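**Q** Quick one: sequence plus predicted model below, questions after.
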Amino acid sequence: MKIAVCVKQVPDSWAEKKMGSDGRLDRANVDAVLNDLDEYAVEEALKIVEAHSPTGEAGEGSGHTITVISMGPERASEAVRKALSMGADDAIVISDDALGGSDALATSLILAAEIKNGGYDIVVCGTESTDARMSVVPAMLAERLGYAQLTFAGSVKVDGTSITISRQTEFGVEEMSAPLPAIVSVVEKINEPRYPSFKGIMAAKKKTITTKSLADLGVSSQSSWSTVKDSALRPPRGAGVKVADEGDGGNKLVAFLQERRLA
Amino acid sequence: MSSVLILVDHVGGVVPKAVGELATFGKRIGDVTAVICSSKSAEIVPQLSAFAISKIIICDGIEFEKHSVGATAQALAAVVAKESPAAVLITSTARGKEIAGRLAVRCDSGLITDAIDIDSACVATQSVFGGSTTVHSTISHGTPIVTLRSNSIEVEAGSGSPSVENFAVSFDGVDKAIVTSVQPAVKGGRPELTEASIVVSGGRGTDGNFAPVEAFADVLGAAVGASRAATDAGWYPHSHQVGQTGKTVSPQLYVACGISGAIQHRAGMQTSKTIVAINKDPEAPIFEVADFGVVGDLFAVLPQASEGLKKA
Ligand SMILES: Cc1cc2nc3c(=O)[nH]c(=O)nc-3n(C[C@H](O)[C@H](O)[C@H](O)COP(=O)(O)OP(=O)(O)OC[C@H]3O[C@@H](n4cnc5c(N)ncnc54)[C@H](O)[C@@H]3O)c2cc1C
């Protein structure tokens, strides 16, 4: 099996985020890390391979490969390095000046081009990036590639030529299955991402990270089809009233709710 | 006048209030055409008369329930091609966003998700970065496709009965992912989390005892939410988790009980109109976003408040 994991480098979710004057997220001034939700995707890809590997391990000798694909600034290779030190085999970073400000449509267009090149059987994604929060890229990839869409998976089972997931939706707990190739997105309950071992970190230094431009991919960039007219920092929610409970906290709360006509 | 398509979301044939909100937003832009993609249209159509809808288009097929969202996107794209609407509005649930995303690819159109408002010129308002920034955007290519969060607008009542049309859908080449089994969610008596106008949530501070949280929710007619600490501990089902990796809620009133207010939790509730926090720790970050905070023990404050409201 050829597995791809799409990862993204994002601003650290603990850092404060601001819009730049160009209406885009100001990414230069915050620490960038591997999108924490993508670590679950890397872990799940490793688990799938381990379950099908004669040695029980991913990597050489498993008969399967895991390629990390990331689109973003050259710096993205730091996030990719983390995925490689967890155990992925190699990586492709798509980096091009023309990609700044890509929205989900543009991102999915470019990722789809690379996935098509690689002919992957399974593409694993996180459910959303912690910065843009659109969670639509996996569905868009399925649409563009004609792969089966199995998103928000809480468990994944691969069996030769088919894949089955279970997921929690507003309808209940669903089982879905499809023939390969498929796009899977995984929720953070699915597994516990491993910490890269020292051996893993050393091995990752020798793994190949291929950087590609749009020309290498043979696609032209697509500018964002949504235009930000303006953005404004919301005035911070004025620190409201804070009262200490002196045996009457519940009553004070009731008075507040009644004053606001909320109860 | 131009038409606006709204997708009728439903759970087991029950149409949520959010569809009425889409109709109310849609009317600002044009005549509202509601599209039903379901095998349950007979149950759904009568429920739509409550909303400001002028036409209903029915795409019938069991495929919509059996296949992934690809089936709905495929049908909707065919309807868009026929109707050339001024915009397509869809509810901003996980499912709704996926349908919108696939539709945008199919129609070669721009997409805005998680809007909280849209005006007559299709300028959408989003609240981003955990509610700290308000953004106005437009779509510059194709048919604007916008997903809107529920609880964003007061539903306007409909007048008169909409016309009904059937639309023949082709499922050729439909997404091969198939739902093989569903264990229906056990429906409690409480409103659905993302739809409720009041949400009362409990966190690690409950220490596993949600009884006072649930009792307070019930006197308010509220839905019950939980922090990840509470769902991880197995104290409350994951489907009730509020936050970055749970549900995003935007109710009239959000009450956080024994929740510290981590950024990932705030990401899911910060656009609530009024926020109340009950926490023992006066330094808890949740107080930074609370309109009203009680520094105290939730096991004392909540029962007293529930009693007080019952008497009122
Ligand atoms: C990738 C990622 C995604 C995440 N997604 C989410 C998410 O979707 N939703 C989410 O909620 N979290 C999420 N988290 C976790 C988040 O960072 C916090 O760990 C979590 O929100 C903490 O839950 P809590 O506030 O209930 O617990 P704590 O932070 O432990 O806070 C408990 C609070 O209860 C108070 N307390 C204790 N006893 C009482 C009492 N008797 N009465 C009153 N107050 C009391 C304490 O003072 C404390 O402030 C995510 C984290 C990561 C890394």
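**A** Right, received. Where do you want to start?

**Q** got the residues of the stretch 201-312 of chain B near chain A?
**A** Applying Cβ under 8 Å from any Cβ of the partner chain, we find that the stretch 201-312 of chain B lies next to chain A at B:220, B:238-239, B:244-245, B:252-253, B:263-264, B:267, B:270, B:274-276, B:278, B:282, B:287-297, B:300-309, B:312. C-beta: built from backbone N, CA, C; applies to glycine.

**Q** Are any of those residues buried, and if so which?
**A** Buried members of these, counted by 16 or more other Cβ atoms under 10 Å in any protein chain shown: B:220, B:238-239, B:244-245, B:252-253, B:263-264, B:267, B:270, B:274-276, B:278, B:287-296, B:300-302, B:304-306, B:308-309.

**Q** doesn't residue B:21 fall inside a helix?
**A** Yes - the assignment for residue B:21 by DSSP: H, G, I helix; E, B strand; the rest coil puts it in a helix.

**Q** if I look at it, how far off is residue B:10?
**A** Going from residue B:21 to residue B:10 by Cβ to Cβ, to the nearest Å gives 14 Å.

**Q** Which one of these two is surrounded by more residues?
**A** Set side by side, residue B:21 and residue B:10 show more neighbours around residue B:21, with 24 against 18, by other Cβ atoms under 10 Å in any protein chain shown.

**Q** residues in contact with the residue nearest to the more buried one when sequence neighbours are not counted?
**A** The shortest distance from residue B:21 to any non-neighbouring residue, by Cβ to Cβ, 6 or more residues apart in numbering or on different chains, is to residue B:153 (5.1 Å). The contact partners of residue B:153, taken as Cβ atoms under 8 Å, 6 or more residues apart in numbering or on different chains, are B:21, B:24, B:25, B:117.

**Q** any chance you could map the helices in the stretch 1-150 of chain A?
**A** A:36-52, A:76-86, A:104-118, A:137-145 (DSSP state H, counting those that start in this stretch).

**Q** In this structure residue B:86 contacts residue B:27, no?
**A** No - applying Cβ atoms under 8 Å as the test, residue B:86 and residue B:27 come out as separate, 11.8 Å apart.

**Q** between those two, what contacts are shared?
**A** Common neighbours of residue B:86 and residue B:27 are listed as residue B:4 (criterion: Cβ under 8 Å, 6+ apart).

**Q** re earlier: among the residues of the stretch 201-312 of chain B next to chain A, which are in strands?
**A** Among those, the ones falling in strands (DSSP state E) are B:253, B:274, B:275, B:276, B:278, B:292, B:293, B:294, B:295.

**Q** Can you add pLDDT and give those back as a markdown table?
**A** Compiled in a markdown table, these are given as follows (pLDDT from 0 to 100):
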| residue | pLDDT |
| --- | --- |
| B:253 | 96 |
| B:274 | 94 |
| B:275 | 96 |
| B:276 | 97 |
| B:278 | 98 |
| B:292 | 96 |
| B:293 | 96 |
| B:294 | 97 |
| B:295 | 97 |
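
**Q** which one of these is nearest residue A:87?
**A** residue B:275 (42.3 Å; Cβ to Cβ).

**Q** May I have the beta-bridge partners of the closest one?
**A** Taking DSSP bridges, one finds residue B:254 as the beta-bridge partners of residue B:275.

**Q** just checking, residue B:32 touches residue B:20?
**A** No - under the criterion of Cβ under 8 Å, residue B:32 makes no contact with residue B:20, lying 10.5 Å away.
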